[in-house]
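**Student:** Quick one, fold the following:
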Amino acid sequence: MLNGHGDDLHLVEGKIKHNFSSNVYYKGCPKPLLDEISRNVTKIESYPSPTANELNELAAKKFQLHSNQFLFTNGATEAFYLIAQLFSAKKAAIVAPTFSEYEDACKIFKLEYDLISSDEIKNTNADLLFICNPNNPTGRIFSKKELELLFKQKPTTTFVIDEAYIEFTNNLTSITALTSTYNNLIVVRSLTKTFTIPGLRLGYIVTNSKNITALLQLKMPWSVNLLAIKAGEFIFNNYEALQFNASLLLEETTTFRKELAQLKGIKVCESNTSYFLVELLHTSAKELKEYLIEKHQILIRDATNFNNLEGEFIRLSTQSKEANDTLITALKVWI
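**Tutor:** This is a model prediction of the structure:
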């Protein structure tokens, strides 16, 4: 894993009051889910099921698919590594700038890969193509229509569509149903971000049963821990009740972005999600990050190590009104 990708709160433990660097939902894990996890703590004295397959039926019911189309993983990251292992020594393409773990997975399993722009997809002859949708860090989206056209145009390319942040936008619906139509489609989803459980690590793959069978041959047993499985069961049984209100979050984001846009020396970039890039016009992301930590106990994401992102950028994720106002005040002092 490239240092600096993901939440690096652990590096500044105890110093931070407001964390803008992580894209998980800012209000935290829903209390009923926390209570359910607490009730199951003593069960860690037993092994979990080897493949967490008790979650398959629940996910299949939610998405109206067959249970043999699912594979649960230790976060979405394990999913990317399994997929890369399945395509070991083949050729990949990654639509960038984006999440670094696609690159890392390709490196480990010896896939030759290219970082490409969205405009270059039509020209690639890759065996495997990674698209984050909505994208991290830009918040850019591909519509279902755009993706289906690509699946049809490139039947020999397997598309990995990362939907980890799909519930942070109102401009997309999941394409999991298309896994029954297109054999060259693998969808990866996460329960981490929406339900604020990154410490439990729970993601899943949705694809055709042939791909699932092949991936199961590579997966180590017990990678999904017992508490993650119990959390997953509770989530799928109470999904709508536990899920945050995306419309409200995006309204808060609109207000936050407008207030940031009034500041001199920065450019707030377009996004379809509650996280977005901010270009720094007169300073470095490293300097600003260090200043905000030391002087204001605020953590931001230095985005300069996203490949194919040229310039000085930070990534912010909408937090509470108090936190947002604190950051804006701090930026005014810095400017």
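**Student:** mind listing the strands for the stretch 101-250 of the chain?
**Tutor:** For the stretch 101-250 of the chain, strands defined by DSSP state E, counting those that start in this stretch occupy the ranges 112-116, 128-132, 158-162, 185-190, 203-206.
**Student:** Can you lay out these as a markdown table showing mean pLDDT and distance to Ser22?
**Tutor:** All C-beta spots, glycine's among them, are computed from the backbone N, C-alpha and C. Formatted as a markdown table, the entries for those read as follows, by pLDDT from 0 to 100; distance: least, Cβ to Cβ, whole Å:
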| stretch | mean pLDDT | distance to Ser22 |
| --- | --- | --- |
| strand 112-116 | 98 | 24 |
| strand 128-132 | 98 | 16 |
| strand 158-162 | 98 | 17 |
| strand 185-190 | 98 | 13 |
| strand 203-206 | 98 | 16 |
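**Student:** what's the closest of the ones you listed to Ile212?
**Tutor:** strand 203-206 (7.2 Å; Cβ to Cβ).
**Student:** Pairing partners for that closest one, with directions?
**Tutor:** The pairing partners recorded for strand 203-206 under DSSP bridges are strand 70-73 (antiparallel), strand 185-190 (antiparallel).
**Student:** for the longest helix anywhere in the chain, packing partners?
**Tutor:** Longest helix of the chain, by residue count under DSSP state H: helix 246-261. Taking 3 or more Cβ pairs under 8 Å, 6 or more residues apart in numbering; DSSP states H and E as the contact definition, the neighbouring helices and strands of helix 246-261 are strand 266-268, strand 275-280, helix 321-334.
**Student:** Contact partners for the closest residue to Asp162 other than its chain neighbours?
**Tutor:** Counting by Cβ to Cβ, 6 or more residues apart in numbering, Asp162 lies nearest to Cys132, which is 4.4 Å off, once chain neighbours are set aside. The contact partners of Cys132, taken as Cβ atoms under 8 Å, 6 or more residues apart in numbering, are 95, 98-99, 102, 162, 164-165.
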